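**Student:** fold the stuff below for me.
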Amino acid sequence: MDGMTLEAPAKLNLRLLVGPVRPDGYHPIRSLMVAVDGLRDTVELTRAAARVVRCDGLDGPQNLAWRALDVLEAEVGRPLGCAVRITKRIPQQAGLGGGSSDAAAVLVGANRMFGLGLDVTTLECLGAEVGSDVPFFVRGGAQWADGRGEQLTPTTAPNFAAVIVAPDVGLSTRAVYEAFDALPAPPADDERPVPGAMPELGRWVRNDLWAAATTLHPGLVGISDALSACGAAATLLCGSGSAIAGLFGSATGADAAARTLPGRVFRVGPMAV
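**Tutor:** Predicted coordinates for the structure are as follows:
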């Protein structure tokens, strides 16, 4: 196989609980992560004499796709001549996992293209070396994520319609977690079961990083208010931000809001698996 093209979806953290920083510098989390349909990057892989990673604004070794090839080569013990071209649609520094999704697509795609024969468990372990969210994107669907995000338990995605608004200003994950550490600890998990659909789902969603993100970008409050004014039953920070998701009780309501709101707006729902 000389080349292949894969789609790399965005994700939503419908629930993101964050604990105090550990000695290794990571925060323990518990999160319901769902791959979404309606917003995705395209990742093209071809065999090449030398490695190349092309992505507008994020070429070469600074891209997680490059790191994915590093760990894959280390695993198989030989170089893999691969050219990667990423067409970005998922906003960067938005909390939607675009870079991690691209890296997972490279792991999965290169494994197939070069006939490496690595199983999903191995690819997930390699993904954890690249980034905390990469194992989730290797597996996809809906997963409870624990640890620093690499410990996955499959679950069923709730039914929801969502509109994502991504401001022009992104947020650094590191900066958001540092701001989180400076704030009072969030309340303990109430451990309610996951509702299957709206409107109960809207009362269940939670993101412990919301207060931290708004200290860095107060304008996020206005985006949340705008989504609520368009009929969102709940609004939710996407990961560590800066994107905000509005959850709606119907696809019709979400479609209408997506047509009304200004800026970078995406209409999404859970990906069928």
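**Student:** tell me the contacts of Ala182?
**Tutor:** If a contact means Cβ atoms under 8 Å, 6 or more residues apart in numbering, then Ala182 has Ala212 as its contacts. Bear in mind the C-beta positions are built from the backbone N, C-alpha and C, glycine included.
**Student:** show me where the stretch 151-273 of the chain has its helices.
**Tutor:** For the stretch 151-273 of the chain, the helices defined by DSSP state H, counting those that start in this stretch occupy 173-181, 200-204, 210-216, 220-229, 251-260.
**Student:** highest mean neighbour count out of those?
**Tutor:** Comparing the helices of the stretch 151-273 of the chain by mean neighbour count (mean count of other Cβ atoms under 10 Å), helix 210-216 comes out on top with a mean of 19.
**Student:** if we can go back for a sec, nearest to Val36, of the helices of the stretch 151-273 of the chain?
**Tutor:** Set against Val36 and scored by Cβ to Cβ, these come closest in helix 251-260, at 12.1 Å.
**Student:** would you turn the helices of the stretch 151-273 of the chain into a markdown table with distance to Pro9 and mean pLDDT?
**Tutor:** A markdown table is the format used below for these (distance: least, Cβ to Cβ, whole Å; pLDDT from 0 to 100):
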| stretch | distance to Pro9 | mean pLDDT |
| --- | --- | --- |
| helix 173-181 | 19 | 97 |
| helix 200-204 | 20 | 96 |
| helix 210-216 | 22 | 98 |
| helix 220-229 | 21 | 98 |
| helix 251-260 | 17 | 97 |
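**Student:** how about TSV for the ones you listed, with distance to Arg85 added?
**Tutor:** Shown next, in TSV, are the helices of the stretch 151-273 of the chain (distance: least, Cβ to Cβ, whole Å):
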stretch	distance to Arg85
helix 173-181	25
helix 200-204	37
helix 210-216	32
helix 220-229	32
helix 251-260	28
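**Student:** nearest to Arg15, out of these?
**Tutor:** From those, taking Cβ to Cβ, the stretch that ends up closest is helix 200-204, at 7.1 Å.
**Student:** name the helices or strands packed onto the closest one?
**Tutor:** Using 3 or more Cβ pairs under 8 Å, 6 or more residues apart in numbering; DSSP states H and E, the elements in contact with helix 200-204 are strand 3-18, strand 234-237.
**Student:** nearest to Tyr177, of those?
**Tutor:** strand 3-18 (7.9 Å).
**Student:** show the pLDDT at Val273.
**Tutor:** Looking at Val273, its pLDDT stands at 63.
**Student:** likewise Gly25?
**Tutor:** Reported pLDDT for Gly25: 89.
**Student:** how many other residues sit next to it?
**Tutor:** Neighbourhood size, Gly25 [other Cβ atoms under 10 Å]: 9.
**Student:** over to Ala185?
**Tutor:** 11.
**Student:** leaving out sequence neighbours, find the closest residue to it.
**Tutor:** Among residues not flanking Ala185 along the chain, Pro20 sits closest, at 6.8 Å (Cβ to Cβ, 6 or more residues apart in numbering).
**Student:** the one you found and Ile29 touch, don't they?
**Tutor:** No. Look at Pro20 against Ile29 with Cβ atoms under 8 Å: they stay out of range, at 11.4 Å.
**Student:** those two: who's more crowded?
**Tutor:** Neighbours were counted for Pro20 and for Ile29 using other Cβ under 10 Å; Ile29 has more, 21 against 9.
**Student:** which strand residues bridge that one?
**Tutor:** Beta bridges link Ile29 to Val18, judged by DSSP bridges.
**Student:** list the contacts of the spatially closest residue to Trp210 that is not a sequence neighbour.
**Tutor:** Sequence neighbours aside, Leu237 is the residue nearest to Trp210 in space, at 4.8 Å (criterion: Cβ to Cβ, 6+ apart). Neighbour list for Leu237: Gly95, Asn207, Leu209, Trp210, Ala213, Leu220, Ala243, Ile244, Ala245 [criterion: Cβ under 8 Å, 6+ apart].
**Student:** please redo it, this time with the cut-off set to 7 Å
**Tutor:** Leu237 makes contact with Gly95, Asn207, Leu209, Trp210, Ala213, Ile244 under the criterion Cβ atoms under 7 Å, 6 or more residues apart in numbering.
**Student:** any idea how far it lies from Leu118?
**Tutor:** Distance of Leu237 to Leu118, computed by Cβ to Cβ, to the nearest Å: 34 Å.
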